[in-house]
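A predicted structure for the sequence below; I have some questions about it.
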Amino acid sequence: MKSVFYSECLWAIVVITSILFQPIPNRCSAQGNLDIQRIEGCNNSWNIEMLLNPCFNSTYGEKVAKEIQYEQLLFSPDGQFLAVTISQVTCGDPEQIWIVDLKKKRARLATERVVDRKVGIDILSVRWIESDTLSADIERVDWLDQGNNVSLNVRATIDTSLVVPLRGRQSSSYPYYYVLSTSPTGHFRIISAPDTTVLLDVVHNKVIRKLRTFQWSEIQWSPDERCFTFIKNQGHGSLSLDVGNVTGALRLSRIADGSWELEGSCLSPSGTAVAFPESNDVSIYDISENKVVKVIDTGSYPNLVAWGMDDQIVVSCRPCKQDEDTTRTSNGGALHSPRGLYLIGLR
């Protein structure tokens with residue numbers, strides 16, 4: 001009888017233990033077909049900062065280079081080149097553009113070098129107009145005599161830069177306006193006029209739709225001009241990521257809700273997906289399926305994403321902890337230097 005009793009007790013212990021300590025399902029099984037990867041396990045990933053850091057050090061000095069922040073990352077249409085806009089050389093606004101040849105692993109400063117208290121540059125817009133040529137509208141600031149400030153257009157390749165005066169173009173319907181965003185070929189513009197803001201078809205000189213865009217920022221167009229993404233300020237520090245489809249009548253859809261991290265999102269070249277930072281991850285959202293289909297765990301704080309061809313992205317990451325690499329802003333606040341700028345294959 002004792003042996004039977006002990007056997008039953010042992011069996012009960014085994015059953016209870018199996019219930020209490022059963023394996024916890026991972027995020028993939030818990031969320032269906034969601035693909036989750038660590039950044040180290042992604043295809044063809046490498047840290048572009050290994051190329052850029054020596055360039056920053058030689059151009060600006062190690063002390064300044066350590067504080068540089070990435071403001072915008074933009075692939076060329078064929079994915080060979082990357083335009084990198086930076087700040088924190090002389091100020092906190094976008095002020096320098098570097099071109100990186102991802103195939104030959106070369107980098108070059110495309111704009112004039114800024115000099116503290118002498119020469120400043122305000123980057124207004126950056127876009128690729130050919131597979132190897134970018135166009136940037138800038139304002140050159142003469143800190144010694146701001147009456148000499150001038151608006152310029154820079155056309156640059158990995159080897160050369162051409163600078164010409166920038167003259168504002170006018171629409172017959174809206175002669176006085178501020179351009180919020182221009183589509184890649186210039187077919188569409190989102191403009192702010194004194195009495196309204198509109199999505200304008202420049203080619204046919206007609207208004208597609210009046211928009212309440214005073215709360216919009218970070219407007220990005222797909223190269224085929226079918227879609228654009230934007231960040232909407234919901235108030236009290238809350239932001240949302242939305243997408244607009246310009247095919248036919250303009251349609252607006254919500255992608256995600258969050259905070260400042262959403263400002264680093266990017267629309268895929270095909271206009272079918274959006275990549276956006278979310279906590280320690282980068283999420284890939286399929287527009288047609290209306291859901292997140294892939295998550296990349298960066299192990300740090302991603303703050304910017306750029307999408308090249310549909311099978312590769314670049315992610316700028318900052319450290320998770322304040323450490324010896326942490327610098328300070330002019331008002332004493334914490335400012336993290338980027339820990340990595342990773343080129344990642346998605347397939």
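Looks like it arrived, so ask away.

secondary structure class for V203?
For V203, the assignment made with DSSP: H, G, I helix; E, B strand; the rest coil gives coil.

hang on, isn't it packed against H187?
Yes - V203 lies in contact with H187 (CB atoms under 8 Å); the separation is 5.3 Å. Using the backbone N, CA and C atoms, a C-beta is placed for each residue, glycine as well.

more neighbours, those two?
Comparing V203 with H187 by other CB atoms under 10 Å, the one with more neighbours is H187, at 15 against 10.

so what's that one scoring on pLDDT?
For H187, the model assigns a pLDDT of 89.

Report the separation between it and K104.
32 Å (CB to CB, to the nearest Å).

E95 too?
Separation of E95 from K104 (CB to CB) stands at 26 Å.

Of these two, which one has the most company?
Just comparing E95 and K104: by other CB under 10 Å the higher neighbour count belongs to E95, 23 against 10.

from what I can see that one touches Q69, true?
No - counting by CB under 8 Å, Q69 is not a contact partner of E95; they are 10.5 Å apart.

tell me, what's touching those two both at once?
Residues touching both E95 and Q69 (CB atoms under 8 Å, 6 or more residues apart in numbering): I86, S87.

Touching, S253 and D242? I think so.
Yes - under the contact definition of CB under 8 Å, S253 touches D242, with a separation of 6.5 Å.

So those two - more neighbours on which side?
When S253 and D242 are compared for neighbours, D242 comes out ahead with 19 against 11, by other CB under 10 Å.

The more buried one falls within a helix, correct?
No - D242: not assigned to a helix; according to three-state DSSP it is strand.

any idea how far V179 is from it?
20 Å.

Now L166. Nearest residue, chain neighbours left out?
Nearest non-adjacent residue to L166, counting by CB to CB, 6 or more residues apart in numbering: S151, 4.2 Å away.

which helices and strands does the host helix or strand of the one you found pack with?
Assigned by DSSP states H and E, S151 belongs to strand 150-156. Applying 3 or more CB pairs under 8 Å, 6 or more residues apart in numbering; DSSP states H and E, one finds that strand 150-156 contacts strand 96-101, strand 133-142, strand 161-165.

So for S300, which of these sits nearest?
strand 96-101 (20.8 Å; CB to CB).

Touching the closest one from outside, list them.
Contacts for strand 96-101 (CB under 8 Å, 6+ apart): 48, 51-52, 55, 80-87, 89, 106-111, 113-114, 121, 123, 126, 134, 136, 154, 156-158.

Okay, helices next: where are they in the protein?
In the chain, the segments counted as helices under DSSP state H are 2-20, 27-30, 49-60, 62-65.

weakest of those helices by average pLDDT?
Among these, helix 27-30 scores lowest, with a mean of 34.

Only the buried subset of the contacts of strand 96-101, as a ChimeraX command please.
Typed into ChimeraX, the line below selects the buried ones among the contacts of strand 96-101, using 16 or more other CB atoms under 10 Å:
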select :48,51,52,55,80,81,82,83,84,85,86,87,89,107,108,109,110,111,114,121,123,126,134,136,154,156,157,158
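
and stretch 72-81, what's its mean pLDDT?
Stretch 72-81 comes out at a mean pLDDT of 92.

now what about that stretch, what contacts it?
Outside stretch 72-81, the residues that reach it (CB under 8 Å, 6+ apart) are 82-85, 94, 99-103, 123, 126-128, 130-132, 134, 158, 223, 266, 269, 304-309, 312, 314, 316, 341.

Over to stretch 105-113?
Contacts of stretch 105-113 (CB under 8 Å, 6+ apart): 51-52, 55, 59, 83, 96-101, 119, 121, 123, 134, 136, 138, 140, 154, 156, 158-159, 161, 163.

Name the residues of the strand holding S151 that come out as buried.
For strand 150-156, by 16+ other CB under 10 Å, it's L152, N153, V154, R155, A156.

Could you do stretch 230-240 as well?
In stretch 230-240, counting by 16+ other CB under 10 Å, buried: F230, I231, K232, L239, S240.

Just give the number of residues close to T90.
20.

what about the residue lying closest to it once chain neighbours are set aside, distance to R108?
Sequence neighbours aside, D116 is the residue nearest to T90 in space, at 4.5 Å (criterion: CB to CB, 6+ apart). Here D116 is placed at a distance of 22 Å from R108 (CB to CB).

Kindly report the same for N233.
For N233, the distance to R108 - CB to CB - is 36 Å.

Then S58?
12 Å.

cool, G61 as well?
18 Å.
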